[in-house]
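Asks: Next one to model:
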Amino acid sequence: MRTDQNILVIRFSSIGDIVLATSPLKTIRTAWPEANLTFLTLDAFSPMLEFHPDIDAMISLRRSLSLKELWEFSAYVKEKAYNRIYDLHNSLRSRIVTLKTDSPIHRIEKPRWNRFMLYQFHQNNFPDDFSTRLNYHQHLGEIWASDLGLPPTNLVVSGHEKSEAKKRLSKLKVARDYVAVVPGAAWAQKQWPVDRYADAIEKIKYGLGMDSIILGSQKDNICFEISKKSSGVNLAGKTDLRQAMAVLANAKHIIGSDTGLVHAAEALGVPVSMVLGPTSSETGGGVSLEISGNVERDLWCRPCSQNGKNPCYRSSQNCMESISVNDVIESIPGEQVF
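Replies: This is a model prediction of the structure:
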């Protein structure tokens, strides 16, 4: 078997899915240790993969590329004559950029029918061990078998980046041991209530003796609402992706929604408490590290959608409202509520 392969791996978005794609990336690298491995993604997310040991080259595309521009880029993919292409996205964009190539393509198949049956009729046809990482691996072809196991996800933050993050937090009078809070999500239905986060931050500070750092983007209004009601240090909109990763890497624990930065924390080896509401582990969501935990309620109506965007039919969203502050605090390993 040749090991000097020229391989292209495609995953365009979003943060969480790209993080989870680093697991099959390790499997591909193990199978082809001498390969030249190129990762194709969107430019907004490519910084996350800097220093990654299994990537030799990065190609970043603008999200705004037109169909014509994607079609033209497909000529470049054909010209590169990759020995293998692993399409871990299987979207219109990924199909267009691979349309002209003659290279063998391993393309992920999404469990759309199982999702439909689960969301619409609450009939769960997913195997007990289903996960996004497993789904990726099941479409890698002959290089993976179930007895090989699933590599953990992996991201890399440099020592310099960690040091700069520590200096920044020191200037803000943040204690050495702190919890990072990532309350935002693409859809409001995936967010735990503001008051619960604020109360949790105060219990962490006065009960566990740790400060809390709130991370998110400028668009995450929930971060600013929480900061008004708590002692949390709000860095929402004040970090780029790499800086946020460095803050996560130095944290004692992470609390947050089923969202990209929480998955990134696990890839950095930091335990997380993921608050799950409309999404669930049944369809591949949730945590992947043994030291992490899902905080959720077993309700008949969960999950109700793949990404949590569907509005709840109730006037109160029980899947989130029924999760108490103590539920989250007690999920921090080795900690107790004072």
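
Asks: Could you verify that residue 9 is part of a helix?
Replies: No: using DSSP: H, G, I helix; E, B strand; the rest coil, the secondary structure at residue 9 is strand, not a helix.

Asks: On the strand side of things, show who it bridges to.
Replies: Partner residues in beta bridges with residue 9, using DSSP bridges, are residue 39, residue 86.

Asks: just use 52 as the starting number from now, easier for me
Replies: Noted, 52 is the first residue going forward, which turns the last one into residue 60.

Asks: ok, it touching residue 88?
Replies: Yes: between residue 60 and residue 88 a contact is recorded at 6.6 Å, counting by Cβ atoms under 8 Å. All C-beta atoms are positioned from the backbone trio N, CA, C, and that covers glycine.

Asks: how deep is residue 113 tucked in, by neighbour count?
Replies: For residue 113, the count of nearby residues is 10 (other Cβ atoms under 10 Å).

Asks: Identify the residue nearest it in space, chain neighbours excluded?
Replies: Among residues not flanking residue 113 along the chain, residue 94 sits closest, at 5.7 Å (Cβ to Cβ, 6 or more residues apart in numbering).

Asks: cool, and residue 327?
Replies: That would be residue 347: by Cβ to Cβ, 6+ apart, it lies 4.1 Å from residue 327.

Asks: Help me confirm that that neighbour comes into contact with residue 331.
Replies: Yes: between residue 347 and residue 331 there is a contact at 6.7 Å, judged by Cβ under 8 Å.

Asks: anything in contact with each of those two?
Replies: residue 353 (Cβ atoms under 8 Å, 6 or more residues apart in numbering).

Asks: Flag every buried residue along the longest helix anywhere in the chain.
Replies: Assignment by DSSP state H gives helix 66-82 as the longest helix of the chain. Residues of helix 66-82 classed as buried: 66-80, 82 (neighbour count, 16 or more other Cβ atoms under 10 Å).

Asks: That helix: how far from the chain's middle?
Replies: 12 Å (Cα atoms, centre = their mean, to the nearest Å).

Asks: mind saving the C-alpha coords of it as CSV?
Replies: C-alpha atoms of helix 66-82 as CSV (Å, rounded to 0.1, in the frame of the first residue of the first chain):
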residue,chain,number,x,y,z
ILE,A,66,-16.9,25.2,14.5
GLY,A,67,-18.3,22.2,16.2
ASP,A,68,-18.4,20.0,13.1
ILE,A,69,-14.9,21.0,12.2
VAL,A,70,-13.7,20.1,15.7
LEU,A,71,-15.3,16.7,15.4
ALA,A,72,-13.7,16.2,12.0
THR,A,73,-10.3,16.2,13.6
SER,A,74,-11.1,12.7,14.9
PRO,A,75,-11.3,11.1,11.4
LEU,A,76,-8.4,13.4,10.4
LYS,A,77,-6.2,11.4,12.9
THR,A,78,-7.5,8.1,11.4
ILE,A,79,-6.6,9.3,7.9
ARG,A,80,-3.1,10.4,9.1
THR,A,81,-2.6,7.0,10.8
ALA,A,82,-3.5,5.2,7.6
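
Asks: Noted, bye for now.
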